[in-house]
Structures are given as C-alpha cells and as structure tokens.
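K.L.:
Any chance you could fold what I've pasted below:
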Amino acid sequence: MGSLSREVTERGIARLGEEVWAQHRETVAGFWRSVWEFFDGIDVTGMNVYQDGMMADGHIGRSIVEDTARAGSLNYQLVLKLLDRGALLVKTEDLDLVKQEYDRLTAMTRAKSMRSKLMAVAKYKLTKTSLLAKRDAFIAARIDETLQTGQTGILFIGALHEVRVAADIRLEEIKDRQKVREYQNLLPFHSRHPLEFEALGKYLTARVVPWSP
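P.N.:
Below is the predicted model of the structure:
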C-alpha cells in the first residue's frame with residue numbers, strides 16, 4: 001500500500017497546496033486522537049474488532065495490523081492498542097473483493113499514459129458502486145456470523161460504506177458518518193465554504209461523548 005499512499009499524498013499536495021494539505025493531515029490526526037481517547041475509557045476485553053480491509057485474523061491478521069501500524073497508520077495503531085488490551089481481531093473482508101478494488105486503484109496510479117489512465121478511471125467508476133455493495137454485504141454477514149448474543153463489536157469502516165447489520169444488532173456511531181462524508185466532499189472546495197469546512201474539521205477532532213456498551 002506504500003506506493004498508493006505516496007500517490008495520495010502527492011495528489012493531495014498538488015490539488016490543495018502544502019498548507020491546506022498539512023491542515024487536513026492534522027484534522028485526520030485529531031480525529032484519531034478523539035477516537036483513541038474514547039476507547040481509553042472503555043474496557044474492550046473480549047470485544048470483536050472488525051476493520052475495513054482486514055482479510056485475515058489470527059497470527060496473520062495480527063502481523064498485518066502490526067506492519068500497517070508501524071508504517072504510520074493511526075487507524076491500525078489504535079487497532080493494535082485494542083488488541084493488546086484484550087480485544088479480538090476478526091477477519092472482516094473477502095480477499096478477492098478487496099484485491100479487485102486495490103487492483104483498480106493501483107491501475108489508476110500506475111498508468112503511464114493519459115489514455116491508459118483514463119481507461120483505468122473509467123473502469124473503476126463503472127465497478128466501484130457494485131463492488132462496494134458486495135464488500136458491505138460480506139462485512140455484514142461476517143458480523144452476523146461472529147458476533148455472539150450479548151457481545152460488543154467495534155467496526156472501523158470508511159464513511160462511504162453502508163454496512164447493513166442484522167436487525168437484532170444495535171449499531172452506535174461514535175462519529176457521524178454523514179459529517180465525515182461532508183468534510184471529505186468539501187475538502188477540494190474548502191476555499192469556497194471556509195466556515196462550513198472549519199466547523200466540520202472541529203467536529204471531527206472534538207471529544208467523543210462517553211458511551212457505555
């Protein structure tokens with residue numbers, strides 16, 4: 001994932017400028033700090049952890065978490081902390097579906113000509129909605145299969161996902177996904193809506209209201 005991460009950084013700086021990109025990175029860091037502090041106040045022993053993109057559990061899954069955390073992912077650093085405190089990592093996604101999405105994303109970043117890049121972008125746009133729906137259905141099924149009656153799970157999932165869990169599972173958001181989406185959508189146009197963008201940034205980094213499972 002390293003080359004893809006570098007591409008995202010380079011594109012972010014090119015589109016937003018170094019100053020705004022740095023502010024965005026600080027907002028992201030603040031978001032994860034607020035989530036981290038929320039979980040600091042909860043006993044997570046025995047809770048299942050479901051992670052966007054996690055295609056394994058057990059020793060292999062743990063190794064993936066450790067490697068990604070070491071590479072600088074704030075998300076995975078938090079997951080690793082939760083595992084160290086007694087939470088249980090659960091295979092969340094289907095390898096083939098995640099690989100399909102990754103292959104389409106990397107095809108766009110590695111395209112050497114404008115023609116091949118446009119073709120890769122078109123292919124991604126044609127398939128991303130259906131692919132995301134398949135991933136969400138798989139994630140929901142995994143939660144239903146592995147979360148026992150009376151057990152609490154923790155799901156880390158991108159804001160564009162729509163994971164529809166079974167009716168007997170209560171889902172509590174600790175950050176409003178709609179506001180996360182609004183922030184992401186507004187980021188390229190921050191200069192046109194500075195007050196709204198600032199308010200969303202403050203929301204993302206604000207302390208999460210304590211909650212009891």
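
K.L.:
buried residues in stretch 80-99?
P.N.:
80, 82-83, 87-94, 97-98 (16 or more other CB atoms under 10 Å). (C-beta placed from N, C-alpha, C; glycine too.)

K.L.:
Okay, and which of the residues you listed map to strands?
P.N.:
88-90 (DSSP state E).

K.L.:
Dump the residues you listed to TSV, plus distance to Arg170 and pLDDT.
P.N.:
Below are these laid out as TSV (distance: CB to CB, whole Å; pLDDT from 0 to 100):
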residue	distance to Arg170	pLDDT
Leu88	19	98
Leu89	22	99
Val90	18	98
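
K.L.:
pretty sure Glu182 contacts Gly201?
P.N.:
No - if you go by CB atoms under 8 Å, Glu182 and Gly201 don't touch, sitting 10.8 Å apart.

K.L.:
Nearest residue to His161 in space, ignoring adjacent ones along the chain?
P.N.:
In space, and not counting its chain neighbours, His161 is closest to Asp136: 5.5 Å by CB to CB, 6 or more residues apart in numbering.

K.L.:
what's near enough to touch that neighbour?
P.N.:
161-164 (CB atoms under 8 Å, 6 or more residues apart in numbering).

K.L.:
any idea which of the ones in strands among the buried residues of stretch 80-99 is closest to Ser63?
P.N.:
Leu89 (10.6 Å; CB to CB).

K.L.:
hang on, isn't the closest one packed against His59?
P.N.:
No - assessed by CB under 8 Å, Leu89 is found out of contact with His59, at 10.2 Å.

K.L.:
ok, the most centrally placed residue in the chain to Gly150 distance?
P.N.:
What sits nearest the mean C-alpha location of the chain, by CA atoms, centre = their mean, is Gly158, with 3.7 Å. Going from Gly158 to Gly150 by CB to CB, to the nearest Å gives 28 Å.

K.L.:
Go ahead and name everything in contact with the host helix or strand of Leu204.
P.N.:
Per DSSP states H and E: Leu204 is located in helix 194-205. Helix 194-205 is contacted from outside by 23, 27, 30-31, 33-34, 175-176, 179-180, 182-183, 186-187, 190, using CB under 8 Å, 6+ apart.

K.L.:
First-to-last residue distance for stretch 41-57?
P.N.:
For stretch 41-57, the separation between the terminal residues is 25 Å (CA to CA, to the nearest Å).

K.L.:
Contacts for it, please.
P.N.:
Contacts of stretch 41-57 (CB under 8 Å, 6+ apart): 61, 64-65, 75-76, 79, 82-83, 85-95, 98, 139, 142-143, 146-147, 151-158, 161, 210-213.

K.L.:
shaky segments in this protein?
P.N.:
When residues are selected by pLDDT under 70, those of the chain lie in 1-16, 211-213.

K.L.:
Strands of that one, start to end?
P.N.:
48-51, 88-90, 153-156.
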